[in-house]
Every structure is written in C-alpha cells, then in structure tokens.
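J.: Give me the fold of what follows.
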Amino acid sequence: MPEEILPTLPPSLTEITEAAQALSPYITYTPVIQWEGTGKDRLLDESTEVYVKLELLQSGGSFKARGALVNMLALEPDQLLRGVTAVSAGNHAIAVSVAAKMLQPSAKVVMPSSANPFRVDRCRELGAEVVLVENVGKAFEEVERIQQEEGRIFVHPFEGRSTAIGTATLGREMVEQVPNLDAVIIPIGGGGLAAGMSTAIKYLNPECQVIGVEPTGADTMYRSFQSGKTEKIDAVRTIADSLGAPFSMPYSFALCKQNMEKVVLVEDHQLRTAMRVTFEELKLAVEPAGAAS
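T.: Got it, this is the predicted structure:
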C-alpha cells in the first residue's frame, strides 16, 4: 500500500474498548438477528447464514451517535460552552442533536434543502438550530463559516480519529455477538463507519473479509480504492442520501484501504429491491443506505 495513505495513528483495540465503556451510559447495545427466509435463500443460498446488526434501533436511529458522542465527550468544558456544529443530509445532524441534548452544548446543524423534512424537524425537536443551504457542497462552506465566526466546535460526519474510534465500537459489538463471521458487509458514504468497523473487526477476527458497498451515484470511496488517493464527485445522484458524501478524506480512506478487501457498487433499483425484501422478510423499514449491504 502506498505510504501516503497509511493512517498516521490508527485506533488501538484498547482505545476502542475504552470508548465502548464511555459510551455505554448513552447508547444502545443493539441486537443482532439471523435472517432466515425464502427471499434470503433466493438472493443467496439456503446454506448461507446471514446476520443483521439492528443499528437502526440506536439513539437517533443510526450508528452516527457513536462517533458524535466520542467526539463531544472529549471536549473541554469551555469548548462545550461554545457549542457544536455539523453538516449532514440527516442522520449525522440528528446524532449531533441527540448528543448535544445529552451533554448540554448548543447545536447548530447545516443541512441541504433537499434533506428529508422528517430529519430536519427531528433536529429541531431535539433543540438544534437548523440552517438549510442549497446542496451538500454549500453545507460544508457554511459550516466552516459558522466555525470561524461563532467559535463552535465542528463534529465531522465521517472523518477523524475520534469518529473512527466511535464507529469501531460497532465492529467490536458485531464480533462479540457473532464471533466466527466469514465476511462483514458495510455501507459506505464518507467512510467513517467502514473505517472504524473494519479496524475493530480485523483486530478481533483477522480472517474475516470486510466489504464496502456504495451506490453508483455516490462512488467516492470506490473511486479512491481504484486510484489509491482521495477522490471527489461533482454531484450526488442516488436515492441513498445518507451515503451521499461528495468526497473521501485521508484518515477514513486510509483505514478503509488498510482493513477492507474491496468496495462494490450497487444501483438504486437494487437498493429498492433490498428495502422491499428487508421489509417483507424482517419486518424492518430501512432507508436506502441501510439496505445497501
């Protein structure tokens, strides 16, 4: 692997374990269920065992609470007083709003105007101030302005060591709950989830394959794997808005590249099919991003 994409300081297993302990008062240890059904058999094979980690039952409805809380628990009291800010199409904004409600700093979240109205309303219900802008690219510009002018602490949606440590706690749980996995399949947006999960999985089960899944309309990590460096796209074109990162970033990309076997692409029609099958067989109403695996 080229030297330039090595993470400068990957999370250690000790740090991941300590983070899990620190998060325990705030998050849910979400269950794993085995998927059994004719739909699964048609898609895969009768002999294939499939396990699903129900992180949609997490605080805020997604894994994002883990990274947001690890970042915010590390802040000094004077930093918490200044408040936090975030950029997100929805799930990360909700997670930061949830974490802010728990830890008491004020939160100002920047979201594209195309964001799901339910998610926008959810952030406001949790007490966050919501700023709507034209698109995700403009959202990153706006959050930078808020940082500079208001002194708020930026909680990144997918990049950084603390974020990876937070998402690694999910990988740690998965291996605890299903110790002998042959492969784990992880949806990828910016790569924060895959970066942390893959790191923990490789520590605890080195033989387990880790495979990322991206929509073709937001294939930044796939492009990065192909080129060996961080990449960006000109626009997000997928129904899986939670996976719509406009670019990859060095730290999360480096961990993904180090710990994952590959990234594969799926079309939007495949996401719709997966959502239907998941609802019919597991009675789970998952968003397109959650159906990507």
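
J.: what's the nearest residue to E134 if we skip its chain neighbours?
T.: Spatial nearest neighbour of E134, excluding adjacent residues (CB to CB, 6 or more residues apart in numbering): S113 at 6.2 Å. Quick note: C-beta positions are derived from backbone N, CA and C, even for glycine.

J.: which residues sit in contact with the residue nearest the centre of the chain?
T.: By CA atoms, centre = their mean, the chain has its centre lying nearest to L193, at 3.9 Å. The contact partners of L193, taken as CB atoms under 8 Å, 6 or more residues apart in numbering, are F63, F158, T167, L170, I186, P187.

J.: Could I get the pLDDT score of the nearest residue to the last one once chain neighbours are set aside?
T.: Spelled out, it's P187. Leaving aside its sequence neighbours, P187 sits nearest to A292 (CB to CB, 6+ apart; 3.9 Å). A292 carries a pLDDT score of 94 in this model.

J.: Ok, M1 next?
T.: If you check M1, the pLDDT there is 34.

J.: got it, and A89?
T.: Among the per-residue scores, A89 holds a pLDDT of 81.

J.: Quick check: nearest residue in space to it, chain neighbours excluded?
T.: Leaving out its chain neighbours, the residue that sits closest to A89 by CB to CB, 6+ apart is D241, at 4.6 Å.

J.: Confirm for me that the one you found is in contact with S88.
T.: No: using CB atoms under 8 Å, D241 makes no contact with S88, being 9.9 Å away.

J.: okay, and the common contacts of those two?
T.: In terms of CB under 8 Å, 6+ apart, D241 and S88 are both contacted by the residues A115.

J.: Same drill for those two, tell me which one is more crowded.
T.: The neighbour comparison of D241 against S88 (other CB atoms under 10 Å) goes to S88, with 28 against 23.

J.: And that one, its phi and psi?
T.: Per-residue torsions, S88: phi -170, psi 150 (degrees, to the nearest 10).

J.: where do the strands sit along the protein?
T.: Remark: strands assigned in the chain by DSSP state E are 32-35, 50-53, 84-87, 107-112, 129-133, 153-154, 183-187, 209-215, 262-266.

J.: Which residues belonging to the longest one are considered buried?
T.: By neighbour count, with 16 or more other CB atoms under 10 Å as the criterion, the buried positions of strand 209-215 are V210, I211, G212, V213, E214, P215.

J.: Please apply the same query to the fourth one.
T.: Using 16+ other CB under 10 Å as the test for burial, strand 107-112 gives A107, K108, V109, V110, M111, P112.

J.: what's the pLDDT at D234?
T.: On pLDDT, D234 comes in at 89.

J.: What's the local residue count around it?
T.: Using other CB under 10 Å: D234 sits among 7 other residues.

J.: if I look at it, how far off is G217?
T.: Using CB to CB, to the nearest Å, D234 is found at 11 Å from G217.

J.: residue contacts, the residue nearest to P187?
T.: With CB under 8 Å, 6+ apart, A292 has these contacts: P187, V213, E214, P215, A240, L243, V266, L271, A274.

J.: The residue lying closest to G244 once chain neighbours are set aside: neighbour count?
T.: Nearest residue to G244 in three dimensions, chain neighbours excluded: V236, at 3.6 Å (CB to CB, 6+ apart). By other CB under 10 Å, 22 other residues sit near V236.

J.: V236 reaches P246, doesn't it?
T.: Yes: at 6.4 Å, V236 counts as touching P246 under the criterion of CB under 8 Å.

J.: Give me the neighbour count for the closest residue to A291 other than its chain neighbours.
T.: Spatial nearest neighbour of A291, chain neighbours left out: A274 (3.8 Å); criterion: CB to CB, 6+ apart. A274: 20 surrounding residues under other CB under 10 Å.

J.: distance of A274 from V52?
T.: Distance, A274 to V52, using CB to CB: 12 Å.

J.: Give me the neighbour count for the nearest residue to V277 once chain neighbours are set aside.
T.: In this structure, V277 finds its nearest non-sequential neighbour in G39, 4.5 Å apart by CB to CB, 6+ apart. Residues lying near G39 (other CB under 10 Å) number 17.

J.: which residues touch G39?
T.: Going by CB under 8 Å, 6+ apart, G39 touches V277, E280, E281.

J.: what's the answer for G196, then?
T.: 11, 16, 67, 163-171, 255.

J.: Give the closest residue to it in space, chain neighbours not counted.
T.: Nearest to G196 is T167, by CB to CB, 6+ apart, at 3.0 Å.

J.: Provide a list of residues in contact with that neighbour.
T.: Applying CB under 8 Å, 6+ apart, the residues contacting T167 are F63, R66, G67, G192, L193, A195, G196, M197.

J.: No more questions from me, cheers.
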